[in-house]
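Novice: Any chance you can model this:
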Amino acid sequence: MKIEVASDVVCPWCYIGKRRLERALALVKDLDVELRWLPFQLNPGMPKAGMLRAEYRKAKFGSLERSRELDARVIAEGKGEGIDFAFDRIERTPNTSAAHQLIAVAPDQNKVVDALFQAYFEEARDIGDPGVIADIARRCGVEGWPDSARDVSPLEEEVRAMGISAVPTFIFERRTGIAGAYPPEQLAAAIRQASSAR
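Specialist: So this is what the prediction gives:
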């Protein structure tokens, strides 16, 4: 069964959703699942160099106080999934186009997605920085980076053309799907239902 995940590596709910998907897959071990990660930039107009996170969050949510309230909720949810969000140390909101290009050419997409999430959210690294991306590529065994990079914008357009407007979205066999970081049990039930409908 093919499961595709539309996600962005600067989306904290996508990181939480990834952890919950891993737990869901452990509940449906009898199914043969092929997992693929699809690009979805939350900020497609982000400058190539990114921007200061405080400025970005203030512009998006109206105030830093509101931003901190939202971060506190995510931190609490993350703890339940073993994620230690370091929002107080993240200085920049990056452009994620290079990160999506890296995911697309990775022999093990899951490993790269995990490394990008961890680098950004837990280590407060700028994953829009070419040096940081190159380091993650090397550590995850992606050979030939950055020469192997390719444009993933047509694939992202394809994702948006499916009507996807929120992430994470879990797509089953390109027929059904659910959007949101659902608890593992609900996600596993949706996977089973999609599998039985094949």
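Novice: Can you show me the strands along this structure?
Specialist: Ranges of strands in the chain, per DSSP state E, are 2-7, 34-39, 51-52, 92-93, 169-172, 176-179.
Novice: OK, contacts around residue 2?
Specialist: Neighbour list for residue 2: 33-34, 36, 172-174 [criterion: Cβ atoms under 8 Å, 6 or more residues apart in numbering]. (Each C-beta comes from the backbone N, C-alpha and C, glycine too.)
Novice: Now list the buried members of these.
Specialist: Neighbour counting by 16 or more other Cβ atoms under 10 Å classes residue 172 among the contacts of residue 2 as buried.
Novice: Could I get the contacts of residue 2 in TSV, plus columns for distance to residue 192 and pLDDT?
Specialist: TSV is the format used below for the contacts of residue 2 (distance: Cβ to Cβ, whole Å; pLDDT from 0 to 100):
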residue	distance to residue 192	pLDDT
33	11	96
34	16	96
36	19	98
172	10	97
173	13	95
174	18	94
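Novice: and residue 32, how many neighbours?
Specialist: Residue 32 is flanked by 9 other residues according to other Cβ atoms under 10 Å.
Novice: State the pLDDT value of the closest residue to residue 97 other than its chain neighbours.
Specialist: Nearest residue to residue 97 in three dimensions, chain neighbours excluded: residue 41, at 6.7 Å (Cβ to Cβ, 6 or more residues apart in numbering). Listed pLDDT for residue 41 reads 97.
Novice: picking up where we left off before, which one of the strands of the chain lies nearest to residue 198?
Specialist: Closest approach to residue 198 among the strands of the chain is made by strand 169-172 (8.9 Å; Cβ to Cβ).
Novice: can I get the CA coordinates of the closest one in PDB?
Specialist: Taking Å, rounded to 0.1, in the frame of the first residue of the first chain, the C-alpha atoms of strand 169-172 are listed here in PDB:
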ATOM      1  CA  THR A 169      -1.800  15.400   4.700                       C
ATOM      2  CA  PHE A 170      -1.600  11.600   4.500                       C
ATOM      3  CA  ILE A 171      -2.700  10.300   1.000                       C
ATOM      4  CA  PHE A 172      -3.600   6.600   0.600                       C
END
